[in-house]
Structures are given as C-alpha cells and as structure tokens.
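Peer 1: pasting the sequence and the predicted coordinates here, then a few questions.
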Amino acid sequence: MLKRTQLMASAAVMFALTVPAYAENGADAVIATVNGVDITMGHMIVVRSGLPDQYRDLPDEVLFTGILDQLIQQAVLAQAAGDDTPLRVRLALENERRSLMAAEHMDGVLESAVTEDAVQAAYDAAYAGAAPEMEFDASHILVESEEEAKELVTALEGGADFAELAKEKSTGPSGPRGGALGWFGKGMMVPEFETAVVEMEVGAISAPIKTQFGWHVIKLNETRSKDAPKLEDVREEIEQQVRMETVESYIGKLTDSATITRKTDAEVDASQIKDLSLLEK
C-alpha cells in the first residue's frame, strides 16, 4: 500500500499535469514572430481595446486567434512592401502618433482635475444662490388665422369649455388632449408664446398670439417654482463641464506659452487640402 506522502506526491504530479503551462505573461510576451519581427501580447491588447463592443464581447479564445491572424497577415504584407514608406503613410503615422500622445496626456490631466472639490465648485457657481425658476402649465388652441383665433376668444369669454374647443378646433398635436402642453420652463417655447405666458395670470385666456406655427389662444392653468437641482442629479453634467473647462484652460495655457508660426488661408491655396495627388509626390 502506498504511503500517505507518496499519494500526496502522486496527486501533486497529476494536478500539475492538468494545469495549462502558460508562456511568459505580460505585455512584452512574444506571441508570434514573423521573419524575425515580434508580435507581443501588448500588440494584441491594443488591437482588442479598439474593437467595437460587439466584437470585444466574443470569447477570449476566438479573439486571440482572430487578432493574432490579423497581426501576422499585416506583418507579412508590411514586410513585403519594403522599407520605402509612402509619403501618405508616413504622414498618417505622424498624425496618429500626435493624436494618441495628445489624448494620452490629456487623459492624465483630466484624471487629476475632476475632483470632488472641483465638481462642488462648478455646481455652486451654476446653482448656489440662483433664484428659483418659474415653470408653467398651459394649454393652447392653434388655428391658421387671426380671425379664427378672435372667434375662439369670444366663445371662451362667453363660457365655452377650453378643452372641448381645443379638441374641436386646434390644428396642433395637443388638440386631442384638450390643448394641454404640460409643464415647461423658460426657453422651451418660441419667444412670442413664452412672452405671452409669462405675462399672464393663472386662469387667464390670452388674446390671439402669432408665432411661426400660426395663431394661438392660450390658457395658463398653473405656475410653480422650480428649485435648483441637487448635485447628485446633475453630477454627470457638472463633471463634463469641469472636463471641458479643464481641456480649454490647459490647452490655452500651453498654446499661449508655445512658439507658434502659422499661415493663413490667404497665404496658402486652401483648395490644396483636398488634393490627394500631392501625397503621391
């Protein structure tokens, strides 16, 4: 009978045999070599990171094979092209490197810029101390002519039901709802309509109002005060604002301190920008 230590040793050997023996790990690990040129895991990671979502969701084994095949094929084609890099390719590589380096650097700047203090400060600047905004609940009847609108005002002053008239007469999409527009704030309606609503008392009926859509008769149903949103409700918007301001400020400082010479479109034939034949020289 085997001793306990022998059994354990045998089990360890069997276990070791069932565990895949992976090659060197890390971005520098060489996955393939094409005529002496290495393709590394890092190359494959970069390719995968640039794939659309539907492809990145494929099983790792499928992506591994597909990406490696692609890189090998590109390698043999690039080697077959030789060392004489065409001008358009060289310029494209320069543009791509410049773009990638700029984006990489800006990502680092933004990572340290979007802090809780910066977000709070931006929120306070936008909303702290701001007067509550008014919101309006109104209904309207839209018709084509001023004469029709005047007839509607007369009927309403005589006791006609606004909602029923809207259902019967309005040419607007809110007609079937009795002309109800729901709640809206400043800037959400065309200027002529908004001005009329702001000046109305609750329950009042307007005189005919002309806009680009036709003639309106408006009823102001109710008003309310809208308080500033909470930070958590607008955090995404505020963070994006901080990012945009950081980018603009940082690039502005770098540009102002750089030595830059540039020509205007008056000094250069701007039509050349679309002349691909210039890249063939």
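Peer 2: Noted; the coordinates are in hand.
Peer 1: alpha carbons only for contacts and neighbour counts from here, please
Peer 2: OK.
Peer 1: what about the helices in the stretch 51-200 of the chain?
Peer 2: Assigned by DSSP state H, counting those that start in this stretch, the stretch 51-200 of the chain shows helices spanning 53-56, 60-81, 87-113, 116-127, 146-157, 162-169, 191-198.
Peer 1: how far out from the middle of the chain is the longest one?
Peer 2: Average the C-alpha atoms of helix 87-113, do the same for its chain, and the two points are 20 Å apart (Cα atoms, centre = their mean, to the nearest Å).
Peer 1: which parts of it are buried?
Peer 2: Buried residues in helix 87-113, counted by 16 or more other Cα atoms under 10 Å: L110, A113.
Peer 1: so which elements touch it?
Peer 2: Helices and strands touching helix 87-113, by 3 or more Cα pairs under 8 Å, 6 or more residues apart in numbering; DSSP states H and E, are helix 231-257.
Peer 1: point out the most buried one among the helices of the stretch 51-200 of the chain.
Peer 2: Comparing those by mean neighbour count (mean count of other Cα atoms under 10 Å), helix 162-169 comes out on top with a mean of 19.
Peer 1: and that helix, what does it pack onto?
Peer 2: strand 133-143.
Peer 1: the strand it packs on vs helix 162-169, what angle?
Peer 2: Angle, strand 133-143 to helix 162-169, by axes from the mean of the first three to the mean of the last three Cα atoms, to 10 degrees: 40 degrees.
Peer 1: how about the helices of the stretch 51-200 of the chain in CSV, adding distance to N25 and mean pLDDT?
Peer 2: Converted to CSV, the helices of the stretch 51-200 of the chain look like this (distance: least, Cα to Cα, whole Å; pLDDT from 0 to 100):
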stretch, distance to N25, mean pLDDT
helix 53-56, 21, 88
helix 60-81, 14, 95
helix 87-113, 25, 94
helix 116-127, 37, 93
helix 146-157, 78, 96
helix 162-169, 72, 96
helix 191-198, 64, 96
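Peer 1: and those: which comes nearest I205?
Peer 2: With respect to I205, and counting by Cα to Cα, the nearest of the helices of the stretch 51-200 of the chain is helix 146-157 at 7.5 Å.
Peer 1: how far is the closest one from where the chain is centred?
Peer 2: Here helix 146-157 is found 46 Å from its chain centre; the criterion is Cα atoms, centre = their mean.
Peer 1: for stretch 137-151, same thing?
Peer 2: So, by Cα atoms, centre = their mean, the centroid of stretch 137-151 is 39 Å from its chain's centroid.
Peer 1: outside of that stretch itself, list whatever touches it.
Peer 2: Residues outside stretch 137-151 that contact it (Cα atoms under 8 Å, 6 or more residues apart in numbering): 165-166, 169-172, 174-175, 178-184, 197, 207-208, 210, 213-223.
Peer 1: just the buried residues of the residues you listed.
Peer 2: Among those, those buried by neighbour count (16+ other Cα under 10 Å) are 165-166, 169-172, 174-175, 178-180, 197, 207-208, 210, 214-221, 223.
Peer 1: so for the strand or helix carrying V46, mean pLDDT?
Peer 2: Here V46, judged by DSSP states H and E, is contained in helix 41-49. Helix 41-49 shows a mean pLDDT of 95.
Peer 1: for A128, phi and psi?
Peer 2: Per-residue torsions, A128: phi -60, psi 130 (degrees, to the nearest 10).
Peer 1: give me the distance between it and S225.
Peer 2: Going from A128 to S225 by Cα to Cα, to the nearest Å gives 16 Å.
Peer 1: next: E94.
Peer 2: Note on E94: its distance to S225, by Cα to Cα, is 55 Å.
Peer 1: likewise V197?
Peer 2: Distance, V197 to S225, by Cα to Cα: 15 Å.
Peer 1: middle-most residue in this protein, spatially?
Peer 2: Q240 (9.7 Å; Cα atoms, centre = their mean).
Peer 1: coming back round to it: quick one: which of the helices of the stretch 51-200 of the chain is nearest K230?
Peer 2: That would be helix 116-127 among the helices of the stretch 51-200 of the chain, by Cα to Cα, at 9.1 Å.
Peer 1: quick one: contacts of the closest one?
Peer 2: With Cα under 8 Å, 6+ apart, helix 116-127 has contacts from A228, P229, L231, R235, I238, E239, Q241, V242.
Peer 1: can you pull the contacts of the third one?
Peer 2: For L231, the contacting residues are Q120, Y123, taking Cα under 8 Å, 6+ apart as the criterion.
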